[in-house]
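Visitor: Generate coordinates for the sequence data below:
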Amino acid sequence: MLGLLASVAALFVCVPLLVFVVAPRVRKYVAGHMCTSTAKLKGKVVVITGANTGNRKGRMPKTLADQGAKVILACRDMVKAEAAVSEIQAKTGNQQVVAKKLDLADTKSIREFAENFLKEEKELHILINNAGVMLCPYSKTVDGFEMHLGVNHLGHFLLTFLLIERLKQSAPARIVNVSSVAHHGGRIRFHDLQGEKCYNRGLAYCHSKLAGILFTRELARRLQGTRVTVNALHPGTVDSELFRHSTIMNFLWKMFPFLLKTSQEGAQTSIYCAVAEELESVSGEYFSDCKPAYVSCQGRNDETARKLWDVSCEMLGIQWN
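Guide: Prediction:
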């Protein structure tokens, strides 16, 4: 009995000590690399989707605003978006930071955003497809698409389609698709693309992020010679509101916060893909921690990429030549 009590006591002493010693090293590794580009963006127009909470709150748009760009936050929640705009304007002195309504779960909202943007802006140099949902219980968008597929893939697919000509006219221009390392767990199940036969919210997220990788790959092929590039990235596991649908994940991150990137750290690879001079002619690649990263074999399947492209166009009722 005394031996058991001694073991328990030792455990209570050793575990916190181990965390205290290991956590700083883990924290340094998790933080990853910082984007060191000093590119000037005066006169450039940037659209960032979902740039008002979590990973996106302030950090990414603030950096781009600091570099002189006109930054448009395309957001669903306009109260949070306007608050983010005020904060960024105050910190950067750049008054060309604005918020516009965009709900990626509603194709009507996407079309209205694009229509208004094209009327108001003659140029578009950087489009960052950044918004997303994660671990949602089974639900559907306004148009009847499974939520992960509808927001993370189809919403950005349609938005890019509607803005692509303006990007071409403004070339050199860049498209940045925020994906995830979770794409390694994804599969494009054409027989059950929307999870109506079998649904797992974790896998649904993985599938949607794989769709983003394949979209990037096929779009890069189609944009060859246009001076518009497109790349995808993994931002890292970031302290954000993406985990709001998972009590377990929220508990784990509260217990071990050193395993998460801060919002500033999580924005770095997106910023890198958007502005780094050395990526001017790089397209169709996938990055993590501001460097090239490994793509799953599913994400390198050109046949699947082309088929998903065609199916996406059919679902959205568009023709993208």
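
Visitor: what's the closest non-adjacent residue to His184?
Guide: Ser296 (4.5 Å; Cβ to Cβ, 6 or more residues apart in numbering). (Each C-beta comes from the backbone N, C-alpha and C, glycine too.)

Visitor: on contacts alone, who are the packing partners of the helix or strand that contains Glu165?
Guide: Assigned by DSSP states H and E, Glu165 belongs to helix 156-169. Helix 156-169 sits against strand 45-49, helix 107-120, strand 126-129, strand 173-178, helix 201-222, strand 228-234, helix 302-316, with contacts defined as 3 or more Cβ pairs under 8 Å, 6 or more residues apart in numbering; DSSP states H and E.

Visitor: wait, what's in contact with the residue lying closest to Arg217 once chain neighbours are set aside?
Guide: Once flanking residues are discounted, Arg217 sits nearest to Ala305: 4.9 Å by Cβ to Cβ, 6+ apart. Applying Cβ atoms under 8 Å, 6 or more residues apart in numbering, we find Ala305 in contact with Leu214, Phe215, Arg217, Glu218.

Visitor: In a markdown table, list these along with pLDDT.
Guide: As requested, the contacts of Ala305 are arranged in a markdown table below (pLDDT from 0 to 100):
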| residue | pLDDT |
| --- | --- |
| Leu214 | 98 |
| Phe215 | 98 |
| Arg217 | 98 |
| Glu218 | 98 |
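
Visitor: any chance of the helices and strands packed on helix 156-169 in JSON lines, plus distance to Leu64?
Guide: Output for the helices and strands packed on helix 156-169, formatted as JSON lines (distance: least, Cβ to Cβ, whole Å):
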{"stretch": "strand 45-49", "distance to Leu64": "5"}
{"stretch": "helix 107-120", "distance to Leu64": "17"}
{"stretch": "strand 126-129", "distance to Leu64": "8"}
{"stretch": "strand 173-178", "distance to Leu64": "11"}
{"stretch": "helix 201-222", "distance to Leu64": "20"}
{"stretch": "strand 228-234", "distance to Leu64": "15"}
{"stretch": "helix 302-316", "distance to Leu64": "28"}
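
Visitor: where does the stretch 1-150 of the chain have low pLDDT?
Guide: 1-34, 52-58 (pLDDT under 70).

Visitor: That one: helices as residue ranges?
Guide: Ranges of helices within the stretch 1-150 of the chain are 2-31, 59-66, 78-92, 107-120, 147-148, based on DSSP state H, counting those that start in this stretch.

Visitor: So, low pLDDT: which residues of the stretch 201-321 of the chain?
Guide: Using pLDDT under 70, the stretch 201-321 of the chain drops low at 236-263.

Visitor: you'd agree Ile88 is up against Val97?
Guide: Yes. Ile88 is within contact range of Val97, at 4.9 Å (criterion: Cβ atoms under 8 Å).

Visitor: Overlap in contacts, the two.
Guide: Pro61, Ala65, Val71.

Visitor: Would you mind giving the residues you listed as a markdown table with neighbour count and distance to Asp143 added?
Guide: Formatted as a markdown table, the shared contacts of Ile88 and Val97 follow (neighbours: other Cβ atoms under 10 Å; distance: Cβ to Cβ, whole Å):
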| residue | neighbour count | distance to Asp143 |
| --- | --- | --- |
| Pro61 | 30 | 28 |
| Ala65 | 24 | 33 |
| Val71 | 31 | 28 |
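
Visitor: what's the closest non-adjacent residue to the spatially most central residue of the chain?
Guide: Central residue of the chain (Cα atoms, centre = their mean): Val178, 2.8 Å from the mean position. Leaving aside its chain neighbours, Val178 sits nearest to Asn130 (4.6 Å; criterion: Cβ to Cβ, 6+ apart).
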